[in-house]
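> coordinates only, sequence not included:
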């Protein structure tokens, strides 16, 4: 597909999506799915229904992974969450809440893989067949998807920042700025250490 044809197709599909009010969405998705190149360009992991669905999974998995609240006291919950959120070290590998240490390697938390498997495999979501097909085809996790998983973990932790669980809405407005920050971090990391990011994408 040449650049002119590609751009025309992209504009057409974007127009279809903007003009769709729920009822005709299935037809639009079917149309887009016929064109692999355009389909992948239009898949937005940061701002989508998928984000909201995995957000529910994130709350459960994050709480289980870090054992928050678990048996922690009110002060311990605040202290633990504050430490995890500082510089977003919660996504580092080998996080030890008791010792307050990590291995210093970003985007290496097993929780990212746990969330991915828990939602796409254990949950078997029927509505995300486009995403599942893409992951199977490329055998790697797209960087925007890693960013989305990361901000959803952050959101789940922030709900405990007061020492108690307070549900905060998973809205696009609330998540958008955090998504762009994490995407910037991943993009910069990819430029400086492409092999490392490639390992992160294929290792989850």
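Happy to help now that I have it. Small disclaimer: the values here were computed from a predicted structure and weren't measured.
> which residues touch residue 160?
Residues counted as contacts of residue 160 (CB atoms under 8 Å, 6 or more residues apart in numbering) are 68, 69, 77, 81, 166. For the C-beta atoms, the positions are set from N, CA and C on the backbone; glycine is no exception.
> Just send the residues you listed back as CSV, with secondary structure, neighbour count and distance to residue 101 too.
Shown next, in CSV, are the contacts of residue 160 (DSSP: H, G, I helix; E, B strand; the rest coil; neighbours: other CB atoms under 10 Å; distance: CB to CB, whole Å):
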residue, secondary structure, neighbour count, distance to residue 101
68, coil, 20, 17
69, coil, 17, 21
77, helix, 19, 19
81, helix, 24, 17
166, coil, 10, 28
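> will you turn those into JSON lines that also has pLDDT and distance to residue 56?
Supplementary listing: these in JSON lines, determined by pLDDT from 0 to 100; distance: CB to CB, whole Å:
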{"residue": "68", "pLDDT": "97", "distance to residue 56": "17"}
{"residue": "69", "pLDDT": "95", "distance to residue 56": "18"}
{"residue": "77", "pLDDT": "97", "distance to residue 56": "21"}
{"residue": "81", "pLDDT": "98", "distance to residue 56": "19"}
{"residue": "166", "pLDDT": "94", "distance to residue 56": "16"}
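> would TSV of those residues with distance to residue 138 be doable?
Below are the contacts of residue 160 laid out as TSV (distance: CB to CB, whole Å):
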residue	distance to residue 138
68	33
69	38
77	39
81	34
166	38
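> just curious, which of those is nearest to residue 173?
For residue 173, the closest of the contacts of residue 160 turns out to be residue 166, at 17.9 Å, with distances computed as CB to CB.
> Make sure the closest one is actually in contact with residue 155.
No. Using CB atoms under 8 Å, residue 166 is not in contact with residue 155; the gap is 11.6 Å.
> which other residues reach stretch 180-200?
By CB under 8 Å, 6+ apart, stretch 180-200 touches 46, 88, 106-108, 140-141, 143-144, 146-147, 150-151.
> Mean confidence (pLDDT) on that stretch, please.
Throughout stretch 180-200, pLDDT has a mean value of 92.
> Next, the buried residues of it.
The neighbour-count criterion (16 or more other CB atoms under 10 Å) identifies 182, 183, 185, 186, 189, 190, 197, 200 as the buried residues of stretch 180-200.
> residue contacts, residue 165?
By CB under 8 Å, 6+ apart, the contact set of residue 165 is 69, 159.
> Please shift the residue numbers so they start at 552 in all later answers.
Happy to do that; since the first residue is 552 now, the last one works out to residue 716.
> And the pLDDT at it?
Per-residue confidence at residue 716 stands at 95 (pLDDT).
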